[in-house]
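# Following is a predicted model, sequence given first.
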Amino acid sequence: MATLNAIRNNCRKVMCIGRNYADHIKELNNQRPKQPFFFLKPPSALLLPGEGPVLRPRGVTMHYEVELGLVMGKKLRDFDPNDDKGALDAIESYLLTIDMTARNVQDEAKKKGLPWAIGKGFDTFLPISGPISKSIITDPHNVHLSMSVNDQVRQSDNTELMLFRIPRILADISKVMTLDKGDIVLTGTPKGVGSVGTGDVMKAALSVDGKEIKEAGLEVEVRDREGPYEFKET
């Protein structure tokens, strides 16, 4: 199983599945997709444990989204969505992640029909846990994810609620762009997303069969980002 630094160094792209939990679709007033849809986050958004806070750019309304992440262990192209065993065999390890979104940046781009890569792509916008062994997560479709802000639980749901399961996700991505060894795939977030601000502390946890997994523990503070960026209307 790769170390954290190897995970960062070997990740050429981060593929994110959107709208993969029905109640999350409802809370954002989005339309339910007929097939998996995905977007990219840059590897530069990765924030490893102990590297510091998530940084909120000026003028940004920042939302959290807890997700189960997959670290790919082999190259996939035109993968068969019916190959359940092959899908799990292609995963090297798992991660607990927080997909951060600059929601007002994203909403403005959507409203104007513009790309919304900026809304997902700021530095530090993808805190991850340490790698979680496949011996711990034997069934990724039966894992409990939870997310709290300042010790108040905001998200708490099981991955069994995914609309599209992992074999279908890997198939749909890999028929468009090859998944390489080391790439990270985020599988979507359940309901309960919301905003965080400067000084807030986010904690994410993952449980299997009612037991919280220590390797998945994730705690990170939110602070203001210094620098020239400030959100303004496009």
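Arrived safely.
# make it CA atoms for all contacts and neighbour counts henceforth
Will do.
# Wasn't Ala109 part of a helix?
Yes. Counting by DSSP: H, G, I helix; E, B strand; the rest coil, Ala109 is part of a helix.
# Nearest residue to it in space, please, no chain neighbours.
Trp116 (5.5 Å; Cα to Cα, 6 or more residues apart in numbering).
# do Val208 as well
Leaving aside its chain neighbours, Val208 sits nearest to Val143 (5.4 Å; criterion: Cα to Cα, 6+ apart).
# Settle this for me: the one you found is touching Met162, isn't it.
No. Applying Cα atoms under 8 Å as the test, Val143 and Met162 come out as separate, 10.9 Å apart.
# Just give me the neighbour total for Ser129.
24 (other Cα atoms under 10 Å).
# Now do the same for it: its pLDDT.
The score at Ser129 is 98. That number is its pLDDT.
# do Thr234 as well
Thr234 carries a pLDDT value of 91.
# got a list of what it touches?
The contact partners of Thr234, by Cα atoms under 8 Å, 6 or more residues apart in numbering, come to 108-109.
# What distance do you get for it to Ala87?
Between Thr234 and Ala87 the computed distance is 41 Å (Cα to Cα, to the nearest Å).
# name the helices or strands packed onto whatever helix or strand Phe38 lives in?
Taking DSSP states H and E as the criterion, the element that holds Phe38 is strand 37-41. On a contact count with 3 or more Cα pairs under 8 Å, 6 or more residues apart in numbering; DSSP states H and E, strand 37-41 meets strand 14-18.
# Let me know whether Val185 touches Cys11 as I believe.
No. Assessed by Cα under 8 Å, Val185 is found out of contact with Cys11, at 10.2 Å.
# Among the two, which residue is more densely surrounded?
Val185 (28 against 19).
# how close does the more buried one sit to Gly210?
24 Å.
# likewise Asp84?
In this view, Asp84 and Gly210 are 24 Å apart by Cα to Cα.
# and these two? which has more neighbours close in?
For Asp84 and Gly210, the more surrounded residue by other Cα under 10 Å is Asp84, and the numbers stand at 13 against 9.
# For the more buried one, give me its contacts.
Pro167.
# Any chance of the backbone angles for it?
Main-chain dihedrals, Asp84, degrees, to the nearest 10: phi -60, psi -50.
# before we move on, what about Pro127?
According to degrees, to the nearest 10, Pro127 has phi -60, psi 140.
# give the contact list for the residue nearest to it when sequence neighbours are not counted.
Nearest residue to Pro127 in three dimensions, chain neighbours excluded: Leu47, at 4.4 Å (Cα to Cα, 6+ apart). Residues near Leu47 by Cα under 8 Å, 6+ apart: 54, 123-128.
# if we can go back for a sec, just give the number of residues close to the residue nearest to Val208.
19.
# again, but for Leu114
Leu114, neighbours per other Cα under 10 Å, totals 12.
# now it, what's its secondary structure?
Quick answer, by three-state DSSP: Leu114 is coil.
# Could you measure from the residue nearest to Pro127 over to Glu215?
16 Å.
# CA atoms only: put the worst-scoring helix or strand of the chain on mean pLDDT into CSV for me.
Counting by mean pLDDT, DSSP states H and E, the chain has its least confident helix or strand at helix 22-27, which shows a mean of 81. Only the C-alpha atoms of helix 22-27 are listed here, as CSV (Å, rounded to 0.1, in the frame of the first residue of the first chain):
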residue,chain,number,x,y,z
ALA,A,22,-30.4,11.0,-4.1
ASP,A,23,-30.9,13.1,-1.0
HIS,A,24,-27.9,15.3,-1.8
ILE,A,25,-29.4,15.9,-5.3
LYS,A,26,-32.6,17.1,-3.6
GLU,A,27,-30.9,19.4,-1.1
